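> what's the 3D shape of this:
(chains A and B)
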Amino acid sequence: MLDPKRVRTQTEEIARRLAVKNFTFDQATFEEMEQRRRELQVRTETLQSEQNKRSRSIGKVKAAGEDIQPLLAEVDNLKQQRSEAEEALRELQESLNAFLSGLPNLPDESVPSGDSEDDNVEVRTWGTPPTFDFDVLDHVSLGERLKGLDFEKATRLAHSRFAVMQGPIARLHRALAQFMIDLHTGEHGYLETYVPYLVNADTLYGTGQLPKFEEDLFKISGDQPLYLIPTAEVPATNLVSQSILDADELPLRLVCHTPCFRSEAGSYGRDTRGMIRQHQFDKVELVHIVRPDESEQALEELTAHAEKVLQRLDLPYRVVELCGGDMGFSAARTYDLEVWLPGQNKYREISSCSNARDFQARRMHARWRNPGTGKPEPLHTLNGSGLAVGRALVAVMENYQQADGSIRVPEVLKSYMGGLERIQ
RNA sequence: GGAGAGGUGGGUGAGUGGCUGAAACCAGCUCCCUGCUAAGGAGCCAUACGCAUUGCGCGUAUCGAGGGUUCGAAUCCCUCCCUCUCCGCCA
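Below you'll find the predicted structure:
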C-alpha cells in the first residue's frame, strides 16, 4: 500500500510514476472519493462528539436530580444522524481502501520503462556459456534417459505441470536445496526459518498477492479459508506483521526452504515442456527486514547472496534490472538472475530479487521504532530467490551434461551426494 | 473432539455500567541531587485517523475480533478466534 497521505498530496507525481508500470491511475475518481471521505469523516466525528458530550452529562444531571428527558430526546436525534453518517463513511472508506490497496508499488526513479522482459536492462554477466562438441539434450531428455524425471506419471497422479523425481536426480534436487541453505546460514548470516505452507487471506494481503491476484493461487476447500503459498516470501515476510520492532533487532535476514504452489493461470502454452514452469516447485527464499535507510544497500547484498549460489555451482548467468512493465505488484526495484540453459540456448530466470520498500510493511502493519523520531515507522522488506531449486536442477543437469548422457556432479554438491561424481 | 480457565498498554497486573485510554509496579526516556558508584526526588512514556497549525492543541476510534443491549460498555448479552490445564485421538 502506498502512503495515503502521499497519494493525496502528490497525486500528479504518483500517477506519473505508476505509468512506468503501465498502470493507469484514475485521478478524478480518487480525488472525488477523497473529498467525500473528508466531508463524511468530519461530519461523523462531530456527531459522535456531540453525542458523547450529552451522554456524559446525563449522569451528572441525573445525580443533581434534574430532568433528563430533554437530553435523551437530543441524543436520540443525534443517534439517527450519526448512524446514517457512519454507514456512509464506512462504505466510502471501504471503496477508498479497495482503490488504494489496488495500486501497485511505485517503481524507483531509476527503473527503466518498457512493456515486457524484452525491455529489461542487462546489468552484468558472470561466466561463459559452455560449448559442447556433441548435440546437447535438454533436462527432460536427460532426466528421462537417466530414469530420474517422469512427467507422465506426475500427470496421472495429479495434473500437467507436475514432476516426479527419483534416484540420484531426486537426491541432486535435495542436495541443491541443502547446499543453498547451508551457504546462506553459514556464510551470509541468515536465520534458517520454517513456515506454514498454508496461509490465510490476511497474510496474502500483507505481501500483495491479494486481493488482485487470487486466480494465481491454489485455495483449499474446507472449513478454513486457506491458500497454498506461492512463495515463502509470503509467510516469512509476514513474520513481522502487526509488530513494532526495536532498532537493535534489525536487520533480519531469513532463509526459508519451501515448496511453492502456483496455478499459472494465464500462462497456458508457455514452458509446457519440462520443469521450468510447474504448479509445485521448491524454492529457497531470502527475506530481509531492514531500516528504510538501508534497503537500497540490502537489495545489492541480497542479490549478491543469490548470485553466490550460481557462482559456487559454476553456472553462467546474467543479472538484469527489470523494466516497469515486467515488475511485480509490490516491487519498487527488481533484479532478476538469469541462468544459462544449454537446452534452450538462452538465459532463463532463476531468481528474482526485489525491494518492496515500505509497500508490504504498510499492508501488514510492520513497523520499527525509529530512535531518531521515537515514532513507529514502516519497515522496509526485501525478498529474493536464493534460488529456485527446480530451475537450479535444470541448470545443473543441462550445463553439466556429458556426451554419453550422464551428468557430472558439481564440486560443491559432491559432499551432499555421498561423494557421487557422476549420475549415469 | 470433550471439560475447565483465561485474552487489558513494551512487560506484570488492577479494573462488574458514566469521574477509565485505562490504577499500581517493572522496564525505558528527560531533568534535579551527587566527587565516582550506589541510592533518592520530579516529570514523561499506547496506536491509528481526522481537524487546526504561528504556537499550545482539539476531536474520533481502539482493552482478542465481530455483533447486540443502553442516553452511556474494558465492564452486561451473543457469535467467532486464540492461549493455557486435564482427558481422548494422532505423524
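> can you tell me how far the nearest residue to residue A:195 once chain neighbours are set aside sits from residue A:177?
Once flanking residues are discounted, residue A:195 sits nearest to residue A:235: 3.7 Å by Cβ to Cβ, 6 or more residues apart in numbering. (Glycine included, C-beta is placed from N, CA and C.) Noted for residue A:235: a distance of 17 Å to residue A:177, by Cβ to Cβ, to the nearest Å.
> what's the answer for residue A:370, then?
From residue A:370 to residue A:177 the distance is 37 Å (Cβ to Cβ).
> In terms of neighbours, single out the busier of the two.
residue A:177 (20 against 15; other Cβ atoms under 10 Å).
> Give the helix, strand or coil label for that one.
helix (DSSP: H, G, I helix; E, B strand; the rest coil).
> Pick out the residue of the stretch 101-250 of chain A closest to RNA strand B.
Here the residue of the stretch 101-250 of chain A nearest RNA strand B is residue A:244; by Cβ to the nearest atom of the strand that distance is 6.5 Å.
> give the contact list for that residue.
Taking Cβ atoms under 8 Å, 6 or more residues apart in numbering, we find residue A:244 in contact with A:367, A:368, A:369, A:376.
> Least confident secondary structure element in chain A?
Sorting the helices and strands of chain A by mean pLDDT, DSSP states H and E puts strand A:243-245 at the bottom, at a mean of 83.
> can you give me the helices in chain A?
Here chain A has its helices, by DSSP state H, at A:4-9, A:11-20, A:27-63, A:69-101, A:139-145, A:151-157, A:167-186, A:201-207, A:233-237, A:295-312, A:359-364, A:389-399.
> Return the most buried member of the ones you listed.
Mean neighbours per residue, mean count of other Cβ atoms under 10 Å, is largest over these for helix A:233-237, with a mean of 28.
> Excluding chain neighbours, what is closest to the closest residue to RNA strand B within the stretch 301-424 of chain A?
In the stretch 301-424 of chain A, no residue comes nearer to RNA strand B than residue A:376, which is 4.6 Å away by Cβ to the nearest atom of the strand. Among residues not flanking residue A:376 along the chain, residue A:367 sits closest, at 4.1 Å (Cβ to Cβ, 6+ apart).
> How about residue A:365?
residue A:242 (5.2 Å).
> Show me which residues of the stretch 251-400 of chain A sit near RNA strand B.
The stretch 251-400 of chain A comes close to RNA strand B at residues A:367, A:375, A:376, as judged by Cβ under 7 Å from any atom of the strand.
> Output these in TSV; the columns should cover pLDDT and neighbour count.
Formatted as TSV, those follow (pLDDT from 0 to 100; neighbours: other Cβ atoms under 10 Å):
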residue	pLDDT	neighbour count
A:367	87	19
A:375	79	11
A:376	84	15
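> Filter these down to just the ones in strands.
Among those, DSSP state E puts A:367, A:376 in strands.
> got a list of what the residue nearest to residue A:376 touches?
The neighbours of residue A:367, taking Cβ under 8 Å, 6+ apart as the test, are A:243, A:244, A:245, A:361, A:376, A:377, A:378, A:379.
> Repeat the analysis, applying 6 Å as the threshold.
Neighbouring residues of residue A:367 by Cβ atoms under 6 Å, 6 or more residues apart in numbering: A:244, A:376, A:377, A:378.
> Quick check: the gap between it and residue A:378.
With distances taken as Cβ to Cβ, residue A:367 is found 6 Å from residue A:378.
> same check, this time on residue A:204
If you measure residue A:204 against residue A:378 using Cβ to Cβ, the figure is 19 Å.
> burial count for residue A:228?
That count, for residue A:228 with other Cβ under 10 Å as the rule, works out to 18.
> So for it, what's the pLDDT?
What the model reports as pLDDT for residue A:228 is 93.
> I'd say it and residue A:216 touch.
No. At 10.9 Å, residue A:228 does not count as touching residue A:216 under the criterion of Cβ atoms under 6 Å.
> Beta-bridge partners for the residue of the stretch 301-424 of chain A closest to RNA strand B, please?
As for beta bridges, residue A:376 partners with residue A:369 under DSSP bridges.
> can you list the contacts of residue A:244 in TSV and add distance to residue A:194?
Converted to TSV, the contacts of residue A:244 look like this (distance: Cβ to Cβ, whole Å):
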residue	distance to residue A:194
A:367	25
A:368	24
A:369	28
A:376	28
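> Give me the pLDDT for the residue lying closest to residue A:379 once chain neighbours are set aside.
Take residue A:379 and drop its neighbours on the chain: the residue closest to it by Cβ to Cβ, 6+ apart is residue A:361, 4.5 Å away. Residue A:361 is assigned 92 on the pLDDT scale.
> check contacts around residue A:361.
A:378, A:379, A:381.
> would you turn the residues you listed into JSON lines with pLDDT and neighbour count?
Output for the contacts of residue A:361, formatted as JSON lines (pLDDT from 0 to 100; neighbours: other Cβ under 10 Å):
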{"residue": "A:378", "pLDDT": "90", "neighbour count": "21"}
{"residue": "A:379", "pLDDT": "91", "neighbour count": "29"}
{"residue": "A:381", "pLDDT": "95", "neighbour count": "31"}
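> Quick check: chain neighbours aside, which residue is closest to residue A:145?
Nearest residue to residue A:145 in three dimensions, chain neighbours excluded: residue A:405, at 5.1 Å (Cβ to Cβ, 6+ apart).
> Give the burial count for that neighbour, as a bare number.
Using other Cβ under 10 Å, residue A:405 has 14 neighbouring residues.
> got the phi/psi numbers for it?
Residue A:405 adopts backbone torsions of phi 90, psi 0, taken as degrees, to the nearest 10.
> Surely it is in contact with residue A:146?
No. Using Cβ under 6 Å as the test, residue A:405 is too far from residue A:146 to be in contact (7.2 Å).
> so what's residue A:413 closest to, chain neighbours aside?
The shortest distance from residue A:413 to any non-neighbouring residue, by Cβ to Cβ, 6+ apart, is to residue A:175 (4.8 Å).
> hmm, I was thinking of residue A:85
Per Cβ to Cβ, 6+ apart, closest to residue A:85 is residue A:44, 4.3 Å.
> what sits against that neighbour?
Residue A:44 is in contact with A:85, A:86, A:89, counting by Cβ under 6 Å, 6+ apart.
> and it, how far is that from RNA strand B?
7 Å (Cβ to the nearest atom of the strand, to the nearest Å).
> Residue A:75 versus that residue, what's the distance?
Counting by Cβ to Cβ - residue A:44 and residue A:75 are separated by 16 Å.
> Need phi/psi at residue A:327.
With angles defined as degrees, to the nearest 10, residue A:327 sits at phi -80, psi 160.
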